[in-house]
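Peer 1: Quick one, what's the 3D model for this:
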Amino acid sequence: MCRPPASGIWLLTNLLLHILGLSCTTASFGPQPETTVLTPGSIPIDTDGNQVHAHGGALIEMDGIFFWYGTSQKQPPGWLSTDINLYSSEDLAEWRNEGSIFNWQSIVGMPTGPPYRIERPKIIWCEEFHYWVLWFHLDLPSFGYPAVGVAKAETLQGPFDFVQVFKPDGRSSFDMTLFQDDDDTAYLVRSVENSFLGITKLAPNYLGLEGGICAQTPFQAEAPAVFKHGPSSYWILSSHLTGWAPNPPLLWHANSSEGLCGTSWYLMPQPATGPGSETTWDSQSTAVFPYQTEDGRELLMYLGDRWNAAGPGGVAQAGYVWLPLIPTAAPSQVSSTAATHGKTHGTASQTDWLWTFAQPNAQQKNIHGKLASQDISPDSRKTSDLAEQSSDETAHAWHRWYRSAVRTAVFKARSQMLLVEAAARKAAVQLLRQGCRLLRNAGRGCASDPANKAETFMLVFRSSWRIRDYLKPPSLP
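Peer 2: Down below sits the predicted model:
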(Lines give C-alpha, C1' and ligand atoms only; values in the text may rest on other atoms or scores of the structure.)
Protein backbone atom coordinates (compact mmCIF):
# COMPACT_ATOMS: atom_id res chain seq x y z
CA MET A 1 0.00 0.00 0.00
CA CYS A 2 1.60 3.24 -1.12
CA ARG A 3 0.09 6.59 -0.10
CA PRO A 4 1.45 9.82 1.39
CA PRO A 5 1.17 10.30 5.15
CA ALA A 6 -2.21 11.39 6.44
CA SER A 7 -3.00 14.99 5.55
CA GLY A 8 -4.19 17.69 7.91
CA ILE A 9 -6.90 20.20 7.22
CA TRP A 10 -6.57 21.89 3.85
CA LEU A 11 -5.85 25.60 4.14
CA LEU A 12 -8.37 27.46 2.06
CA THR A 13 -6.69 30.79 1.56
CA ASN A 14 -5.43 32.60 -1.49
CA LEU A 15 -6.60 30.30 -4.28
CA LEU A 16 -7.88 31.52 -7.62
CA LEU A 17 -11.21 33.03 -6.60
CA HIS A 18 -11.14 35.85 -9.10
CA ILE A 19 -10.15 33.60 -11.95
CA LEU A 20 -13.21 31.49 -11.19
CA GLY A 21 -15.38 34.57 -11.51
CA LEU A 22 -16.51 34.35 -7.88
CA SER A 23 -16.80 37.27 -5.48
CA CYS A 24 -15.27 37.51 -2.03
CA THR A 25 -18.55 38.97 -0.80
CA THR A 26 -20.28 35.66 -1.43
CA ALA A 27 -17.87 33.64 0.68
CA SER A 28 -19.29 31.62 3.49
CA PHE A 29 -16.89 33.13 6.02
CA GLY A 30 -15.88 36.66 6.94
CA PRO A 31 -13.68 38.93 4.83
CA GLN A 32 -9.98 38.12 4.74
CA PRO A 33 -7.02 40.14 3.47
CA GLU A 34 -6.40 39.61 -0.23
CA THR A 35 -3.10 37.99 -1.22
CA THR A 36 -1.62 37.35 -4.64
CA VAL A 37 -1.12 33.64 -5.29
CA LEU A 38 0.39 33.72 -8.75
CA THR A 39 0.44 36.18 -11.61
CA PRO A 40 0.12 34.05 -14.78
CA GLY A 41 3.51 33.81 -16.46
CA SER A 42 5.41 35.31 -13.54
CA ILE A 43 8.24 33.92 -11.44
CA PRO A 44 7.31 34.15 -7.73
CA ILE A 45 9.83 35.45 -5.21
CA ASP A 46 10.57 33.27 -2.17
CA THR A 47 10.96 34.47 1.41
CA ASP A 48 14.70 34.97 0.85
CA GLY A 49 14.04 37.37 -2.02
CA ASN A 50 15.06 34.94 -4.77
CA GLN A 51 13.14 33.62 -7.76
CA VAL A 52 11.25 30.35 -7.32
CA HIS A 53 12.60 27.75 -9.74
CA ALA A 54 10.55 24.53 -9.63
CA HIS A 55 9.95 23.68 -13.28
CA GLY A 56 8.17 20.63 -14.67
CA GLY A 57 7.21 19.45 -11.19
CA ALA A 58 4.03 19.37 -9.10
CA LEU A 59 2.40 20.20 -5.75
CA ILE A 60 2.01 17.97 -2.69
CA GLU A 61 -0.15 18.87 0.34
CA MET A 62 0.79 17.33 3.68
CA ASP A 63 -0.35 18.30 7.17
CA GLY A 64 -1.65 21.66 6.02
CA ILE A 65 1.56 22.58 4.18
CA PHE A 66 1.87 22.82 0.40
CA PHE A 67 5.14 21.61 -1.12
CA TRP A 68 6.12 22.71 -4.61
CA TYR A 69 9.00 20.88 -6.28
CA GLY A 70 10.61 21.00 -9.72
CA THR A 71 13.88 21.47 -11.55
CA SER A 72 16.24 24.35 -10.82
CA GLN A 73 16.79 27.30 -13.13
CA LYS A 74 17.61 26.15 -16.66
CA GLN A 75 20.91 27.39 -18.03
CA PRO A 76 22.44 27.57 -21.51
CA PRO A 77 23.68 25.86 -23.50
CA GLY A 78 20.85 23.35 -23.82
CA TRP A 79 18.75 24.80 -20.99
CA LEU A 80 19.89 22.26 -18.40
CA SER A 81 19.01 22.05 -14.69
CA THR A 82 21.46 20.73 -12.10
CA ASP A 83 19.04 20.19 -9.20
CA ILE A 84 15.50 19.44 -8.13
CA ASN A 85 14.31 22.12 -5.71
CA LEU A 86 11.64 22.07 -3.00
CA TYR A 87 9.57 24.99 -1.66
CA SER A 88 6.93 25.08 1.08
CA SER A 89 3.94 27.34 1.77
CA GLU A 90 0.95 27.54 4.08
CA ASP A 91 -1.12 29.67 1.71
CA LEU A 92 0.15 29.06 -1.87
CA ALA A 93 1.35 32.68 -1.88
CA GLU A 94 4.45 32.92 0.31
CA TRP A 95 7.07 30.31 -0.58
CA ARG A 96 10.02 29.23 1.55
CA ASN A 97 13.04 27.63 -0.13
CA GLU A 98 13.63 24.19 1.41
CA GLY A 99 16.73 23.70 -0.74
CA SER A 100 17.86 21.13 -3.27
CA ILE A 101 16.54 17.62 -2.71
CA PHE A 102 18.46 16.02 -5.60
CA ASN A 103 21.60 16.92 -7.57
CA TRP A 104 22.82 15.40 -10.81
CA GLN A 105 26.24 14.64 -9.29
CA SER A 106 24.68 11.62 -7.54
CA ILE A 107 23.66 10.00 -10.85
CA VAL A 108 25.54 6.84 -11.87
CA GLY A 109 25.10 4.42 -14.76
CA MET A 110 24.90 6.94 -17.61
CA PRO A 111 27.15 6.57 -20.70
CA THR A 112 29.06 9.72 -19.69
CA GLY A 113 29.42 11.95 -16.66
CA PRO A 114 27.50 15.17 -16.09
CA PRO A 115 26.16 17.49 -17.33
CA TYR A 116 22.84 15.68 -17.69
CA ARG A 117 19.34 16.65 -18.64
CA ILE A 118 16.94 16.15 -15.72
CA GLU A 119 13.32 17.05 -16.45
CA ARG A 120 9.72 16.42 -15.36
CA PRO A 121 10.39 15.20 -11.78
CA LYS A 122 7.47 13.49 -10.04
CA ILE A 123 7.32 12.32 -6.42
CA ILE A 124 4.92 9.92 -4.64
CA TRP A 125 4.89 8.29 -1.20
CA CYS A 126 5.17 4.51 -0.69
CA GLU A 127 3.44 3.53 2.53
CA GLU A 128 4.44 -0.14 2.38
CA PHE A 129 8.16 0.66 2.40
CA HIS A 130 7.88 4.08 4.08
CA TYR A 131 9.83 6.23 1.66
CA TRP A 132 9.31 8.83 -1.02
CA VAL A 133 10.16 7.93 -4.61
CA LEU A 134 11.30 10.33 -7.30
CA TRP A 135 11.14 9.60 -11.03
CA PHE A 136 12.34 11.95 -13.76
CA HIS A 137 13.34 12.10 -17.41
CA LEU A 138 17.10 11.55 -17.45
CA ASP A 139 19.08 12.20 -20.61
CA LEU A 140 22.27 13.53 -22.11
CA PRO A 141 22.28 17.24 -23.04
CA SER A 142 21.77 16.33 -26.71
CA PHE A 143 18.88 13.90 -25.94
CA GLY A 144 21.23 11.06 -26.87
CA TYR A 145 20.19 8.67 -24.07
CA PRO A 146 16.47 9.24 -23.27
CA ALA A 147 15.73 7.25 -20.13
CA VAL A 148 14.17 7.53 -16.67
CA GLY A 149 15.98 8.12 -13.40
CA VAL A 150 14.73 6.80 -10.05
CA ALA A 151 15.65 7.95 -6.54
CA LYS A 152 14.23 7.60 -3.01
CA ALA A 153 14.32 9.35 0.36
CA GLU A 154 12.88 8.89 3.85
CA THR A 155 11.62 12.47 3.95
CA LEU A 156 10.25 14.78 1.29
CA GLN A 157 13.01 17.25 2.14
CA GLY A 158 15.55 14.64 1.01
CA PRO A 159 18.23 14.33 -0.01
CA PHE A 160 17.06 11.68 -2.47
CA ASP A 161 19.46 8.78 -3.07
CA PHE A 162 19.84 7.71 -6.69
CA VAL A 163 18.60 4.14 -7.34
CA GLN A 164 18.85 3.46 -11.06
CA VAL A 165 18.62 4.70 -14.63
CA PHE A 166 16.98 2.60 -17.34
CA LYS A 167 15.01 2.71 -20.57
CA PRO A 168 11.56 1.19 -19.95
CA ASP A 169 11.04 -1.77 -22.29
CA GLY A 170 14.41 -0.91 -23.79
CA ARG A 171 12.82 2.04 -25.62
CA SER A 172 13.54 5.75 -25.54
CA SER A 173 11.57 7.60 -22.87
CA PHE A 174 11.09 11.37 -22.99
CA ASP A 175 8.54 13.52 -21.07
CA MET A 176 6.99 11.55 -18.21
CA THR A 177 4.80 11.69 -15.14
CA LEU A 178 3.63 9.43 -12.32
CA PHE A 179 0.05 8.74 -11.29
CA GLN A 180 -1.03 7.09 -8.02
CA ASP A 181 -4.57 5.72 -7.99
CA ASP A 182 -6.96 5.45 -5.04
CA ASP A 183 -5.99 1.78 -4.52
CA ASP A 184 -2.29 2.76 -4.40
CA THR A 185 -1.50 1.28 -7.78
CA ALA A 186 1.02 3.61 -9.39
CA TYR A 187 1.80 4.16 -13.06
CA LEU A 188 4.50 5.63 -15.26
CA VAL A 189 3.07 7.63 -18.17
CA ARG A 190 5.71 8.65 -20.69
CA SER A 191 6.32 9.73 -24.26
CA VAL A 192 7.66 6.56 -25.87
CA GLU A 193 10.13 7.41 -28.64
CA ASN A 194 8.08 10.61 -29.11
CA SER A 195 5.51 8.43 -30.90
CA PHE A 196 2.77 7.93 -28.27
CA LEU A 197 2.07 8.13 -24.55
CA GLY A 198 2.71 4.71 -23.03
CA ILE A 199 1.40 3.57 -19.64
CA THR A 200 3.11 0.98 -17.42
CA LYS A 201 2.44 -0.12 -13.83
CA LEU A 202 5.08 0.53 -11.22
CA ALA A 203 6.37 -2.41 -9.18
CA PRO A 204 5.01 -2.68 -5.60
CA ASN A 205 8.10 -0.92 -4.22
CA TYR A 206 7.74 1.90 -6.80
CA LEU A 207 11.42 1.61 -7.74
CA GLY A 208 10.87 -0.22 -11.04
CA LEU A 209 8.18 -1.38 -13.44
CA GLU A 210 5.84 -4.35 -13.47
CA GLY A 211 5.40 -5.69 -16.99
CA GLY A 212 5.38 -3.73 -20.22
CA ILE A 213 3.14 -1.09 -21.75
CA CYS A 214 -0.45 -1.83 -20.74
CA ALA A 215 -2.20 1.06 -22.55
CA GLN A 216 -1.28 3.89 -24.89
CA THR A 217 -2.62 6.87 -26.79
CA PRO A 218 -3.11 6.48 -30.55
CA PHE A 219 -0.58 9.13 -31.52
CA GLN A 220 2.24 11.25 -30.16
CA ALA A 221 2.08 13.72 -27.29
CA GLU A 222 4.31 15.03 -24.52
CA ALA A 223 4.08 16.84 -21.16
CA PRO A 224 1.47 14.41 -19.72
CA ALA A 225 -0.50 15.34 -16.59
CA VAL A 226 -2.87 12.64 -15.31
CA PHE A 227 -5.90 13.21 -13.10
CA LYS A 228 -9.02 11.37 -11.99
CA HIS A 229 -12.57 12.58 -11.44
CA GLY A 230 -15.07 10.14 -10.00
CA PRO A 231 -14.54 6.43 -9.37
CA SER A 232 -13.55 5.40 -12.90
CA SER A 233 -13.02 8.48 -15.06
CA TYR A 234 -9.38 9.13 -15.99
CA TRP A 235 -7.93 12.05 -17.92
CA ILE A 236 -4.57 13.04 -19.39
CA LEU A 237 -3.75 16.63 -20.29
CA SER A 238 -0.81 16.79 -22.67
CA SER A 239 0.88 18.82 -25.35
CA HIS A 240 1.97 18.60 -28.97
CA LEU A 241 5.67 18.28 -29.74
CA THR A 242 6.89 21.81 -30.47
CA GLY A 243 10.02 22.05 -28.34
CA TRP A 244 9.98 25.05 -26.00
CA ALA A 245 7.24 26.75 -28.06
CA PRO A 246 3.66 26.55 -26.68
CA ASN A 247 0.75 24.94 -28.54
CA PRO A 248 -2.91 23.94 -27.97
CA PRO A 249 -3.49 21.33 -25.24
CA LEU A 250 -4.57 17.75 -25.86
CA LEU A 251 -7.14 16.14 -23.54
CA TRP A 252 -7.46 12.34 -23.38
CA HIS A 253 -10.15 10.36 -21.56
CA ALA A 254 -10.70 6.76 -20.48
CA ASN A 255 -13.44 5.08 -18.47
CA SER A 256 -12.11 2.10 -16.57
CA SER A 257 -12.86 0.20 -13.39
CA GLU A 258 -9.35 -1.27 -13.46
CA GLY A 259 -7.17 1.83 -13.53
CA LEU A 260 -5.12 3.20 -16.40
CA CYS A 261 -4.30 -0.17 -17.96
CA GLY A 262 -6.25 -2.26 -20.42
CA THR A 263 -8.43 0.59 -21.65
CA SER A 264 -8.71 2.78 -24.73
CA TRP A 265 -7.77 6.44 -24.55
CA TYR A 266 -9.88 8.87 -26.56
CA LEU A 267 -8.91 12.34 -27.72
CA MET A 268 -11.58 14.76 -26.53
CA PRO A 269 -12.72 18.14 -27.89
CA GLN A 270 -10.32 21.02 -27.40
CA PRO A 271 -10.42 21.99 -23.69
CA ALA A 272 -9.05 25.51 -24.21
CA THR A 273 -11.08 28.28 -25.84
CA GLY A 274 -10.84 32.04 -26.15
CA PRO A 275 -7.91 34.42 -26.69
CA GLY A 276 -4.61 32.73 -25.89
CA SER A 277 -6.04 29.20 -25.96
CA GLU A 278 -4.12 28.32 -29.12
CA THR A 279 -0.96 28.34 -26.98
CA THR A 280 -2.57 27.21 -23.70
CA TRP A 281 -1.96 30.79 -22.56
CA ASP A 282 1.71 30.44 -23.44
CA SER A 283 2.27 27.41 -21.22
CA GLN A 284 2.81 23.66 -21.25
CA SER A 285 1.24 21.18 -18.83
CA THR A 286 3.23 19.65 -16.00
CA ALA A 287 0.60 18.50 -13.46
CA VAL A 288 -3.02 18.72 -12.32
CA PHE A 289 -3.36 19.31 -8.59
CA PRO A 290 -6.58 18.25 -6.77
CA TYR A 291 -7.28 21.07 -4.32
CA GLN A 292 -9.76 20.02 -1.64
CA THR A 293 -12.33 22.61 -0.57
CA GLU A 294 -13.47 23.12 3.01
CA ASP A 295 -16.62 21.05 2.48
CA GLY A 296 -14.72 18.17 0.88
CA ARG A 297 -15.20 18.93 -2.78
CA GLU A 298 -12.41 19.02 -5.31
CA LEU A 299 -11.07 21.85 -7.46
CA LEU A 300 -8.65 20.68 -10.12
CA MET A 301 -5.77 23.09 -10.78
CA TYR A 302 -3.79 23.04 -14.01
CA LEU A 303 -0.09 23.64 -13.38
CA GLY A 304 1.92 24.72 -16.40
CA ASP A 305 5.32 26.15 -17.28
CA ARG A 306 5.69 29.24 -19.45
CA TRP A 307 9.03 28.36 -21.03
CA ASN A 308 9.68 31.89 -22.30
CA ALA A 309 11.84 30.60 -25.17
CA ALA A 310 11.32 33.79 -27.20
CA GLY A 311 11.27 36.20 -24.25
CA PRO A 312 14.00 38.13 -22.43
CA GLY A 313 16.45 35.72 -20.83
CA GLY A 314 15.01 32.76 -22.70
CA VAL A 315 14.12 29.55 -20.86
CA ALA A 316 16.30 30.65 -17.93
CA GLN A 317 13.45 33.06 -17.08
CA ALA A 318 10.65 30.51 -17.48
CA GLY A 319 7.55 31.35 -15.44
CA TYR A 320 4.40 29.53 -14.39
CA VAL A 321 0.71 29.46 -15.30
CA TRP A 322 -1.84 28.01 -12.87
CA LEU A 323 -5.49 27.81 -13.93
CA PRO A 324 -8.54 25.99 -12.56
CA LEU A 325 -10.07 23.26 -14.70
CA ILE A 326 -13.81 23.81 -14.87
CA PRO A 327 -16.25 20.94 -15.50
CA THR A 328 -18.43 21.52 -18.55
CA ALA A 329 -21.30 19.65 -20.17
CA ALA A 330 -21.05 15.89 -20.37
CA PRO A 331 -21.57 14.32 -23.79
CA SER A 332 -24.08 11.50 -23.99
CA GLN A 333 -21.50 9.36 -25.76
CA VAL A 334 -17.90 10.08 -26.65
CA SER A 335 -16.93 7.34 -29.07
CA SER A 336 -18.39 5.35 -31.90
CA THR A 337 -19.21 1.67 -31.60
CA ALA A 338 -16.75 0.94 -34.41
CA ALA A 339 -13.86 2.09 -32.25
CA THR A 340 -14.88 -0.17 -29.37
CA HIS A 341 -15.74 -3.32 -31.29
CA GLY A 342 -19.48 -2.94 -30.86
CA LYS A 343 -19.39 -1.53 -27.35
CA THR A 344 -20.01 2.10 -26.58
CA HIS A 345 -17.53 4.04 -24.51
CA GLY A 346 -20.20 4.67 -21.91
CA THR A 347 -22.85 7.23 -21.15
CA ALA A 348 -22.19 10.33 -19.17
CA SER A 349 -22.88 10.50 -15.46
CA GLN A 350 -22.79 13.20 -12.80
CA THR A 351 -19.09 12.52 -12.30
CA ASP A 352 -18.14 12.16 -15.96
CA TRP A 353 -17.46 15.58 -17.48
CA LEU A 354 -15.46 17.31 -20.10
CA TRP A 355 -13.07 19.96 -18.84
CA THR A 356 -12.10 23.45 -19.89
CA PHE A 357 -9.66 26.03 -18.58
CA ALA A 358 -10.81 29.03 -16.61
CA GLN A 359 -9.51 31.88 -18.76
CA PRO A 360 -7.25 34.55 -17.26
CA ASN A 361 -9.21 37.74 -16.65
CA ALA A 362 -8.03 40.46 -19.04
CA GLN A 363 -8.63 43.21 -16.46
CA GLN A 364 -7.48 41.28 -13.39
CA LYS A 365 -4.26 39.53 -14.36
CA ASN A 366 -3.29 38.65 -10.80
CA ILE A 367 -4.85 35.60 -9.19
CA HIS A 368 -6.23 36.74 -5.83
CA GLY A 369 -8.63 35.81 -3.16
CA LYS A 370 -9.95 33.16 -0.91
CA LEU A 371 -11.48 29.87 -1.99
CA ALA A 372 -14.47 29.52 0.31
CA SER A 373 -17.04 26.74 0.26
CA GLN A 374 -18.39 28.04 -3.03
CA ASP A 375 -20.63 25.81 -5.07
CA ILE A 376 -18.42 25.02 -8.06
CA SER A 377 -20.35 21.98 -9.24
CA PRO A 378 -21.34 21.81 -12.93
CA ASP A 379 -24.99 22.46 -12.08
CA SER A 380 -24.17 25.59 -10.11
CA ARG A 381 -22.25 26.95 -13.08
CA LYS A 382 -25.31 26.43 -15.26
CA THR A 383 -23.71 23.83 -17.49
CA SER A 384 -25.92 21.38 -19.33
CA ASP A 385 -25.68 18.36 -21.52
CA LEU A 386 -24.96 19.22 -25.13
CA ALA A 387 -28.01 17.26 -26.15
CA GLU A 388 -30.17 19.69 -24.18
CA GLN A 389 -28.78 22.74 -25.94
CA SER A 390 -30.51 24.32 -28.90
CA SER A 391 -29.56 23.24 -32.39
CA ASP A 392 -27.73 26.52 -32.93
CA GLU A 393 -25.68 26.15 -29.73
CA THR A 394 -24.78 22.57 -30.53
CA ALA A 395 -23.77 23.47 -34.06
CA HIS A 396 -21.60 26.22 -32.65
CA ALA A 397 -19.91 23.71 -30.32
CA TRP A 398 -19.32 21.38 -33.28
CA HIS A 399 -17.89 24.22 -35.31
CA ARG A 400 -15.45 25.16 -32.55
CA TRP A 401 -14.30 21.54 -32.31
CA TYR A 402 -13.91 21.32 -36.06
CA ARG A 403 -11.74 24.45 -36.34
CA SER A 404 -9.62 23.34 -33.41
CA ALA A 405 -9.09 19.90 -34.94
CA VAL A 406 -8.06 21.53 -38.20
CA ARG A 407 -5.41 23.69 -36.55
CA THR A 408 -4.11 20.89 -34.37
CA ALA A 409 -3.79 18.17 -36.97
CA VAL A 410 -2.56 20.39 -39.79
CA PHE A 411 0.31 21.42 -37.56
CA LYS A 412 1.10 17.81 -36.66
CA ALA A 413 0.92 16.67 -40.28
CA ARG A 414 3.18 19.44 -41.52
CA SER A 415 5.67 19.01 -38.71
CA GLN A 416 6.11 15.33 -39.54
CA MET A 417 6.02 15.65 -43.35
CA LEU A 418 3.62 12.75 -43.54
CA LEU A 419 3.41 10.85 -46.80
CA VAL A 420 -0.17 9.71 -47.26
CA GLU A 421 -1.47 7.19 -49.75
CA ALA A 422 -4.07 8.19 -52.31
CA ALA A 423 -6.66 5.96 -50.67
CA ALA A 424 -6.30 7.78 -47.38
CA ARG A 425 -6.59 11.13 -49.15
CA LYS A 426 -9.81 10.00 -50.84
CA ALA A 427 -11.25 8.89 -47.50
CA ALA A 428 -10.26 12.20 -45.96
CA VAL A 429 -12.05 14.23 -48.63
CA GLN A 430 -15.13 12.07 -48.13
CA LEU A 431 -15.04 12.72 -44.39
CA LEU A 432 -14.63 16.44 -45.01
CA ARG A 433 -17.73 16.46 -47.18
CA GLN A 434 -19.66 14.68 -44.45
CA GLY A 435 -18.55 17.25 -41.89
CA CYS A 436 -19.46 20.14 -44.17
CA ARG A 437 -22.89 18.65 -44.76
CA LEU A 438 -23.52 18.54 -41.01
CA LEU A 439 -22.41 22.11 -40.61
CA ARG A 440 -24.53 23.40 -43.47
CA ASN A 441 -27.59 21.51 -42.21
CA ALA A 442 -27.10 23.25 -38.89
CA GLY A 443 -26.93 26.65 -40.56
CA ARG A 444 -23.18 27.00 -40.19
CA GLY A 445 -20.62 27.87 -42.82
CA CYS A 446 -18.07 25.48 -44.23
CA ALA A 447 -15.34 25.65 -46.84
CA SER A 448 -17.01 25.33 -50.23
CA ASP A 449 -14.15 23.34 -51.71
CA PRO A 450 -13.93 19.86 -50.11
CA ALA A 451 -10.37 19.65 -51.40
CA ASN A 452 -9.39 22.75 -49.45
CA LYS A 453 -5.72 22.17 -48.80
CA ALA A 454 -5.53 22.79 -45.06
CA GLU A 455 -8.69 20.94 -44.07
CA THR A 456 -8.03 18.05 -46.42
CA PHE A 457 -4.50 17.74 -45.11
CA MET A 458 -5.88 17.61 -41.59
CA LEU A 459 -8.34 14.89 -42.45
CA VAL A 460 -5.77 12.91 -44.39
CA PHE A 461 -3.62 13.01 -41.29
CA ARG A 462 -6.48 11.72 -39.19
CA SER A 463 -7.20 8.90 -41.61
CA SER A 464 -3.56 7.92 -41.94
CA TRP A 465 -3.19 7.57 -38.18
CA ARG A 466 -6.52 5.74 -37.89
CA ILE A 467 -7.77 8.05 -35.16
CA ARG A 468 -10.98 9.18 -36.80
CA ASP A 469 -13.03 7.75 -33.98
CA TYR A 470 -10.88 9.42 -31.34
CA LEU A 471 -11.78 12.86 -32.66
CA LYS A 472 -15.53 12.43 -32.55
CA PRO A 473 -17.23 15.82 -32.06
CA PRO A 474 -20.40 16.59 -30.11
CA SER A 475 -23.52 15.13 -31.70
CA LEU A 476 -25.90 17.36 -33.61
CA PRO A 477 -29.57 16.95 -32.62
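
Peer 1: use CA for all of it now, contacts and neighbours both
Peer 2: Will do.

Peer 1: Phi, psi for residue 208 please.
Peer 2: Residue 208 has phi and psi values of phi -160, psi -170 when expressed as degrees, to the nearest 10.

Peer 1: residue contacts, the nearest residue to it once chain neighbours are set aside?
Peer 2: The shortest distance from residue 208 to any non-neighbouring residue, by Cα to Cα, 6 or more residues apart in numbering, is to residue 202 (5.8 Å). Shown in contact with residue 202 (Cα atoms under 8 Å, 6 or more residues apart in numbering): 185, 186, 187, 188, 208, 209, 210.

Peer 1: can you pull the contacts of the third one?
Peer 2: It stands for residue 187. Counting by Cα under 8 Å, 6+ apart, residue 187 makes contact with 178, 179, 180, 199, 200, 201, 202, 260.

Peer 1: What pLDDT is listed against it?
Peer 2: Residue 187 carries a pLDDT value of 99.

Peer 1: next one: residue 366
Peer 2: On the pLDDT scale, residue 366 gets 31.

Peer 1: related to what we said a few turns ago, show me what the residue nearest to residue 208 is bridged to.
Peer 2: residue 209 (DSSP bridges).

Peer 1: returning to what we had before: and the two most separated of the contacts of residue 202?
Peer 2: Greatest spacing in the contacts of residue 202, by Cα to Cα: 185 and 208 (12.9 Å).

Peer 1: now the host helix or strand of residue 250: mean pLDDT?
Peer 2: Take DSSP states H and E as the rule and residue 250 turns out to sit in strand 249-255. The predicted model gives strand 249-255 an average pLDDT of 93.

Peer 1: who does that strand touch, helix- and strand-wise?
Peer 2: Here strand 249-255 touches strand 233-239, strand 266-267, going by 3 or more Cα pairs under 8 Å, 6 or more residues apart in numbering; DSSP states H and E.

Peer 1: who wins for proximity to residue 316 among these?
Peer 2: Using Cα to Cα as the measure, strand 233-239 is the one of these that comes nearest residue 316, at 20.8 Å.

Peer 1: Low-confidence ranges, the stretch 151-300 of the chain, go.
Peer 2: Within the stretch 151-300 of the chain, no range satisfies pLDDT under 70.

Peer 1: so where do the strands sit in it?
Peer 2: 161-166, 173-180, 186-192, 196-202, 209-216, 222-228, 233-239, 249-255, 266-267, 284-292, 298-306 (DSSP state E, counting those that start in this stretch).

Peer 1: Let me have those strands in JSON lines, extended by distance to residue 154.
Peer 2: Converted to JSON lines, these look like this (distance: least, Cα to Cα, whole Å):
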{"stretch": "strand 161-166", "distance to residue 154": "10"}
{"stretch": "strand 173-180", "distance to residue 154": "18"}
{"stretch": "strand 186-192", "distance to residue 154": "19"}
{"stretch": "strand 196-202", "distance to residue 154": "19"}
{"stretch": "strand 209-216", "distance to residue 154": "21"}
{"stretch": "strand 222-228", "distance to residue 154": "25"}
{"stretch": "strand 233-239", "distance to residue 154": "29"}
{"stretch": "strand 249-255", "distance to residue 154": "34"}
{"stretch": "strand 266-267", "distance to residue 154": "38"}
{"stretch": "strand 284-292", "distance to residue 154": "23"}
{"stretch": "strand 298-306", "distance to residue 154": "26"}
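
Peer 1: Can you tell me which of those is nearest to residue 145?
Peer 2: strand 173-180 (8.8 Å).

Peer 1: what's the angle from the closest one to strand 284-292?
Peer 2: The directions of strand 173-180 and strand 284-292 differ by 0 degrees, with axes from the mean of the first three to the mean of the last three Cα atoms, to 10 degrees as the criterion.

Peer 1: Counting by contacts, list what strand 173-180 packs against.
Peer 2: For strand 173-180, the contact count by 3+ Cα pairs under 8 Å, 6+ apart identifies strand 117-126, strand 131-139, strand 147-153, strand 186-192, strand 222-228 as packing neighbours.

Peer 1: want to throw these into TSV with distance to residue 101?
Peer 2: Listed next are those as TSV, based on distance: least, Cα to Cα, whole Å:
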stretch	distance to residue 101
strand 117-126	11
strand 131-139	10
strand 147-153	9
strand 186-192	21
strand 222-228	22
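
Peer 1: quick one on the thing from earlier: compare the helices and strands packed on strand 249-255 and give me the one nearest residue 279.
Peer 2: Among those, strand 233-239 comes nearest to residue 279, with 9.8 Å by Cα to Cα.

Peer 1: tell me which residues form a beta bridge with residue 305?
Peer 2: According to DSSP bridges, beta-bridge pairing links residue 305 with residue 284, residue 320.

Peer 1: doesn't residue 315 make contact with it?
Peer 2: No: at 10.1 Å, residue 305 does not count as touching residue 315 under the criterion of Cα atoms under 8 Å.

Peer 1: So for those two, which residue has more residues nearby?
Peer 2: Neighbours per residue, other Cα atoms under 10 Å: of residue 305 and residue 315, the larger number sits with residue 305, 25 against 21.

Peer 1: from the contacts of residue 187, which would you call buried?
Peer 2: Buried by 16 or more other Cα atoms under 10 Å: 178, 179, 180, 199, 200, 201, 202, 260, out of these.

Peer 1: Quick check: the first one vs residue 137, distance?
Peer 2: Between residue 178 and residue 137 the distance, using Cα to Cα, to the nearest Å, works out to 11 Å.

Peer 1: Now residue 194. Nearest residue, chain neighbours left out?
Peer 2: In space, residue 194 is closest to residue 220, 6.0 Å off (Cα to Cα, 6+ apart).

Peer 1: For the one you found, give me its contacts.
Peer 2: Contacts for residue 220 (Cα under 8 Å, 6+ apart) come out as 191, 194, 195, 196, 197, 240, 241.

Peer 1: quick one: which of those is nearest residue 270?
Peer 2: residue 240 (12.6 Å).
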